[in-house]
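Participant: please work out how this folds:
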Amino acid sequence: MTETGKRVVWGARIGWLVLLLVFVAFVWGMHRRGQLEATGVNVIRMLFVPSVEQGTLVERGDELALFIRRDSGLILRSEVPTSYAAVIQALGSGQADVAWMPAFAYVIAHARYGAEAKLQVVRSLERFAIVVAREADGQPSRLADLAGRRVAFPRSLHPELATELRSRLTEEAPGWVEVPVEDDLESMERLVSSAVAADAAVSSFVYSGPFDFVGDGRKELEYRRPGTLKQTRIIFTTDDPVSENVKVYHGCVYARTDSGVRQLRDLTGQSFAFSDETSTSGHIFPRLLLEREGVSLGRVYYAGGHPNVVQAVWDGKALGGSAFYSPPSPQQRAEGLFVGDARYLLMKRMAEAERRDAFLEEVRVLRKTDPIPNDLCAVRRGFPEQVWERFAASLARYLDTDEGKDTLFDLLAGVAADPTDDSAFDGFREALALSGMSADSLLDAEEEKLEKRKQVAGGDS
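Facilitator: Predicted structure coming up:
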């Protein structure tokens, strides 16, 4: 055989050898991937509690999974179970590794199954400051009219807003006199109680519905002292808001503005829609608020979601209802939606600004509950710490992108996810204990419903 022939033969042999090695590597890779998925080393099963529309959760969850896989090599499988109970059960049985859940669901998952808190959602809100005067002839109508006059000034005002407002008053109303008070409500009480007590009053301000009893000191006092809004007027609002990151939110109670319900006690004996039996903001804390006020409800039912509660109140199917409450975030204000509570979920489906404005006039917030910790991310007991660290680092990189920020906001109305641990929820546990409600019994009821749904689904198949 010639030298040329030998080179051709050896070239062919080497080519086949390379192909064989590539094939072996491919088979080994597929086998290794199967092993990893089987053992869960490189696969994270992540759940979201159903809190917003299913389509949004699925779409955004898929986008997050795609980034995590490309960035870290971790395979993220996200799902949206049917209830809180299903999420807790999945963490306890090892069918899920990571779950984004409300504080209520977490404290049960921790107590029953050793779930561990890792991250807490941070939300953003924008606060302004306002100056209010009495609505009457001869009363101040601008800052300059407050020269030499008394101004009730709450200690609770955000430091940046307080500094800005003091500077403006000193510049435009020389000789003004600060009357220190504790909070926004006391500031407004000073103003309306006596002309001697104060000539104007300062309050923090967040956007809210026109007839809500939340948002600033005037509206809070209107709940207790009807007529406050007609007797007062805003004469100044700070130009720029202060952005404030918060780790708590509230529940609230709604009623139609034309229903005749102005105070919680007006709901005695009336129909009422709670969100879900295990919802902290849509049931547990609102019920505690109502019981503290001595309200004994009439027909009570669970609407099966926060937007369903608002819809029921709006349609008149229930005289009152409860869901989550937060002031509007910068993103919501940018969208032209000036509330951050559950009404937002209906408003964002309304294309016309006039319809949204009319809706806000028709459904009002009566009261807020005590504060509730924001949602959190927890892992199952025994989840490998090194895998969590890879996931958390990749998630942080995703949340630094514009797409990641949009995803977190759409999924959890959050702007960040800060490290946390179990001790951060001790105060919440105490509040639950004071409510007199058994978290275990509530969850048992949810698990019973879940089991029935499984049986029905099994029977249909």
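Participant: tell me who's in contact with residue 405.
Facilitator: 399, 415 (Cβ atoms under 8 Å, 6 or more residues apart in numbering). To be clear about C-beta, it is placed using only N, CA and C from the backbone, and glycine gets the same treatment.
Participant: find the helix or strand that it is a member of.
Facilitator: Secondary structure assigned from DSSP states H and E places residue 405 in helix 402-412.
Participant: what about the protein, any weak spots by pLDDT?
Facilitator: For the chain, residues meeting the criterion pLDDT under 70 lie at 1-41, 50-55, 437-442, 445-447, 449-461.
Participant: please parse it into its domains.
Facilitator: The chain breaks down into these structural domains: 40-115+380-460, 124-243, 249-373 (assignment by automatic domain parsing).
Participant: which of the ones you listed is buried the deepest?
Facilitator: Taking mean count of other Cβ atoms under 10 Å as the contact definition, the stretch among the domains of the chain with the greatest mean neighbour count is domain 249-373, which reaches a mean of 20.
Participant: right, and residue 241 touches residue 126 too?
Facilitator: Yes: when contacts are counted by Cβ atoms under 8 Å, residue 241 is listed as touching residue 126 (3.7 Å).
Participant: and residue 324, how far from residue 417?
Facilitator: Taking Cβ to Cβ, to the nearest Å as the measure, residue 324 falls 18 Å from residue 417.
Participant: so what's residue 78 closest to, chain neighbours aside?
Facilitator: residue 61 (3.6 Å; Cβ to Cβ, 6 or more residues apart in numbering).
Participant: element containing the one you found, please.
Facilitator: With elements delineated by DSSP H and E, residue 61 resides in helix 54-72, which encompasses its position.
Participant: residue 386 too?
Facilitator: Under DSSP H and E, the secondary-structure element containing residue 386 is helix 385-399.
Participant: which residues sit against that helix?
Facilitator: For helix 385-399, the surrounding residues in contact (Cβ under 8 Å, 6+ apart) are 41-42, 44, 64, 67-68, 71-72, 74, 76, 98, 118-119, 379, 404-405, 407-408, 416-417.
Participant: tell me which element residue 234 falls in.
Facilitator: Using DSSP H and E, the secondary-structure element containing residue 234 is strand 232-237.
Participant: and whichever helix or strand comes after that strand, what does it pack onto?
Facilitator: Counting by DSSP H and E, the next helix or strand C-terminal to strand 232-237 is strand 242-246. Applying 3 or more Cβ pairs under 8 Å, 6 or more residues apart in numbering; DSSP states H and E, one finds that strand 242-246 contacts strand 116-134.
Participant: still on that earlier bit, which elements pack onto the next helix or strand after the helix holding residue 61?
Facilitator: Scanning forward in sequence from helix 54-72 by DSSP H and E, the next helix or strand is strand 75-79. With contacts taken as 3+ Cβ pairs under 8 Å, 6+ apart, strand 75-79 sits against strand 43-48, helix 54-72.
Participant: if you set the cut-off to 10 Å instead, what comes out?
Facilitator: The elements that strand 75-79 packs onto, with contact taken as 3 or more Cβ pairs under 10 Å, 6 or more residues apart in numbering; DSSP states H and E, are helix 3-39, strand 43-48, helix 54-72, helix 84-93, strand 98-101, helix 385-399.
Participant: could you give the angle of the third one to strand 43-48?
Facilitator: In terms of direction (axes from the mean of the first three to the mean of the last three Cα atoms, to 10 degrees), helix 54-72 departs from strand 43-48 by 150 degrees.
Participant: what residues does helix 54-72 touch?
Facilitator: Residues from elsewhere that reach helix 54-72 (Cβ atoms under 10 Å, 6 or more residues apart in numbering): 42, 44, 46-53, 74-80, 100, 387, 390-395, 397-399, 401, 403-404, 406-412.
Participant: report the distance from that helix to the chain centre.
Facilitator: Centroid separation between helix 54-72 and its chain, computed with Cα atoms, centre = their mean, to the nearest Å, is 20 Å.
Participant: CA atoms of that helix as CSV?
Facilitator: What follows is helix 54-72 as a C-alpha-only set of coordinates in CSV (Å, rounded to 0.1, in the frame of the first residue of the first chain):
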residue,chain,number,x,y,z
GLN,A,54,-52.5,31.5,36.3
GLY,A,55,-51.3,32.6,32.8
THR,A,56,-49.1,35.3,34.4
LEU,A,57,-47.6,32.8,36.9
VAL,A,58,-46.8,30.3,34.2
GLU,A,59,-45.4,32.7,31.7
ARG,A,60,-43.2,34.6,34.1
GLY,A,61,-42.2,31.3,35.8
ASP,A,62,-41.0,29.9,32.5
GLU,A,63,-39.0,33.1,31.8
LEU,A,64,-37.3,32.8,35.2
ALA,A,65,-36.5,29.1,34.6
LEU,A,66,-35.0,29.8,31.2
PHE,A,67,-32.6,32.4,32.6
ILE,A,68,-31.6,30.2,35.6
ARG,A,69,-30.8,27.3,33.3
ARG,A,70,-28.7,29.4,30.9
ASP,A,71,-26.9,31.2,33.7
SER,A,72,-26.2,28.5,36.3
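Participant: between it and strand 75-79, how many degrees?
Facilitator: Interaxial angle of helix 54-72 relative to strand 75-79 (the same axes, to 10 degrees): 170 degrees.
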